[in-house]
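**Student:** next input, structure requested:
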Amino acid sequence: MSITVAGLVISGILSRLITPAEFGIIAMVTLATGFLNVIKDFGFGAALVQKKTVTDDEFSTVFWFNLIIGVFLTMIVFLASPYIGDFFKEKRVEQVTKVLSSTFIINAIGIIWSNKLVKVLAFKQIFYRSFLSLLFGGAVSIGLAFKGFGVWAIVSQIYATLIGNTILNYFQIKWLPTFTLKKIYIRDLIRFGLPLLADQAINYWARNIDNLLVGRVLGKDVLGYYNRGYNLMLLPVRQLTNTLTKVLFPSFSLIQDDTEKIASIYLKISGVVAFIAFPLMMSLSMLAEPLILIIYGENWRPVIPIFKVLSILGMFQALAALSGNIYLALGRPKLMFQIGLFSRTVIILGLVFGLYNSGLMGMIYGYCIASAIIFLPELFFIGKLLDLNLKTIIFNFIPYLLIASICYISISAVFLNIDLPLVLDFIIPFTCFFLMYLTINFLIKSKAFSAILSLVKERKFAQG
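**Tutor:** Numbering: from 1, shown residues only. The predicted structure is shown next:
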């Protein structure tokens, strides 16, 4: 939660100092180079986490392999920067791309230290290092933004955050590789990593084809608005799902032979995710206008309708994000790739059809409709893997959707014609929404509410 709040504060300050067009330029560069970030370690990092035991030689082999790939990718991005600039018809994209090309080398150096922390379930250390790196990067970028550096302030934030996190991870792990590069380890990891890599590659373009289309067709200003709205929607979703992913993937891997236990944990966790994500994203959608104006300011008003619709999409993305952990923990990355191929194709068709028929908002609605179409088939296959029927999975989270919907309709109706100061216009309806939501869950004794309440009581008892 601290990372989310700090990220919002930093983002809000920068949005008042840097123009939407400059954020659009960063979005264009990130889009062009982001695919290479997906393939930077060939899925070897996830493979190392999934394996029950990993030798020091395996870690060393992957370290040197990653470094070679990192240098290679840096060269590719640097040489391709003029073509990237031409594609988006923006000269500054070429300049920024060249400067950011070296991030691949820094990423390659630090990825094993990060994987080692995940492997030993050192999540508290990961949190503190991520938080400190975020603050460091934010301080550097805000300082430069105040001095009028514009887009280069955001570039400095990327480097400062990445370098800070890498250094802190090293001092926690204090591990250096030996000069080992063995083919046998690479071959074993490729069997697991390549299907995962293929799925991640398809998933990347499916998730970013919207940015590509907006940047190419509608320009950097519109892309800046869309990118801000989408990233704001993802902030709470990622905070929730990334925290659970870091815990679930290694934990599931340790019990990968016990399908019944994994199924039980999955139902419990997905219920908790729905319990939190549904009311959170619905309330944010309801209060999109005051939220955007508080965080980004009046100049970012075009983000409001974008964020309002995307927040509803975020509810289901939070649930869908858990699926990948099941495939990986059970050693089924190939099946994940096959299902992902179908899902991403549907999403891309929805995006393209919506954009070319109704512009930006048409694309967003197309994205939502396509995501709704693929949601149930994805749950069906998860059920197959865990010996759960689709009805059991759906009824595990449907109560929270219904309760959140009741709260949305009720609170919207109450505050529809009430004028409040901007900050109170967000805080009061938001508070009322959650008080009503928690009260209903308390009265019906919902499973997720009871589980969270029991966990809180256990912690208080343990501390006492």
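
**Student:** C-alpha from now on. contacts and neighbour counts both.
**Tutor:** OK.

**Student:** what number of residues lie near Glu298?
**Tutor:** Glu298 has 11 neighbours, counted by other CA atoms under 10 Å.

**Student:** look up how far Ser15 lies from it.
**Tutor:** For Glu298, the distance to Ser15 (CA to CA, to the nearest Å) stands at 10 Å.

**Student:** and what of Arg238?
**Tutor:** Distance, Arg238 to Ser15, using CA to CA: 21 Å.

**Student:** ok, Val309 next?
**Tutor:** Counting by CA to CA, the separation of Val309 from Ser15 is 21 Å.

**Student:** same question, Met233
**Tutor:** Met233 is 16 Å from Ser15, by CA to CA.

**Student:** of those two, who's got more company?
**Tutor:** With neighbours defined as other CA under 10 Å, Met233 and Ser15 compare such that Met233 has more, 24 against 20.

**Student:** Three-state assignment for that one, please.
**Tutor:** Met233 falls in the helix class when you classify it by DSSP: H, G, I helix; E, B strand; the rest coil.

**Student:** now swap in Gly137 and tell me
**Tutor:** Put simply, Gly137 is helix when judged by three-state DSSP.

**Student:** got the contact list for it?
**Tutor:** Contacts for Gly137 (CA atoms under 8 Å, 6 or more residues apart in numbering) come out as Ser156, Gln157, Ile158, Tyr159, Ala160, Thr161, Gly164.

**Student:** how about CSV for these, with neighbour count and pLDDT added?
**Tutor:** As requested, these are exported to CSV (neighbours: other CA atoms under 10 Å; pLDDT from 0 to 100):
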residue, neighbour count, pLDDT
Ser156, 21, 94
Gln157, 22, 91
Ile158, 18, 91
Tyr159, 19, 92
Ala160, 21, 93
Thr161, 22, 89
Gly164, 18, 88
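
**Student:** ok, those vs Ser371, which is closest?
**Tutor:** Nearest to Ser371 out of the contacts of Gly137 is Ile158 (CA to CA; 30.2 Å).

**Student:** for the closest one, give me its contacts.
**Tutor:** With contact set as CA under 8 Å, 6+ apart, Ile158 has these partners: Gly137.

**Student:** from Tyr204, how far out is it?
**Tutor:** Relative to Tyr204, Ile158 is positioned 20 Å away (CA to CA).

**Student:** average pLDDT across the helix or strand containing Ala413?
**Tutor:** Assigned by DSSP states H and E, Ala413 belongs to helix 390-415. Average pLDDT, helix 390-415: 92.

**Student:** could you list every helix and strand that that helix packs against?
**Tutor:** With contacts taken as 3 or more CA pairs under 8 Å, 6 or more residues apart in numbering; DSSP states H and E, helix 390-415 sits against helix 259-286, helix 333-386, helix 422-444.

**Student:** can you list the buried residues in it?
**Tutor:** 390, 393, 396-397, 399-401, 403-408, 411-412 (16 or more other CA atoms under 10 Å).

**Student:** repeat for stretch 3-15
**Tutor:** Using 16+ other CA under 10 Å as the test for burial, stretch 3-15 gives Ile3, Thr4, Gly7, Leu8, Ile10, Ser11, Gly12, Ile13, Leu14, Ser15.

**Student:** for these, which one is nearest Pro377?
**Tutor:** Nearest to Pro377 among the buried residues of stretch 3-15, counting by CA to CA, is Thr4 at 31.3 Å.

**Student:** gap between the closest one and Ser454?
**Tutor:** 25 Å.

**Student:** one more: Ala263?
**Tutor:** For Ala263, the distance to Ser454 - CA to CA - is 21 Å.

**Student:** out of those two, which sits in the busier spot?
**Tutor:** Ala263 (19 against 12).

**Student:** show me what contacts the closest residue to that one other than its chain neighbours?
**Tutor:** Among residues not flanking Ala263 along the chain, Leu386 sits closest, at 5.4 Å (CA to CA, 6 or more residues apart in numbering). Shown in contact with Leu386 (CA under 8 Å, 6+ apart): Thr259, Glu260, Ile262, Ala263.

**Student:** without its sequence neighbours, what residue ends up closest to the second one?
**Tutor:** Closest residue to Glu260 in three dimensions, ignoring its sequence neighbours and counting by CA to CA, 6+ apart: Leu386, at 6.9 Å.

**Student:** check that neighbour and give its pLDDT.
**Tutor:** According to the predicted model, the pLDDT of Leu386 comes to 83.
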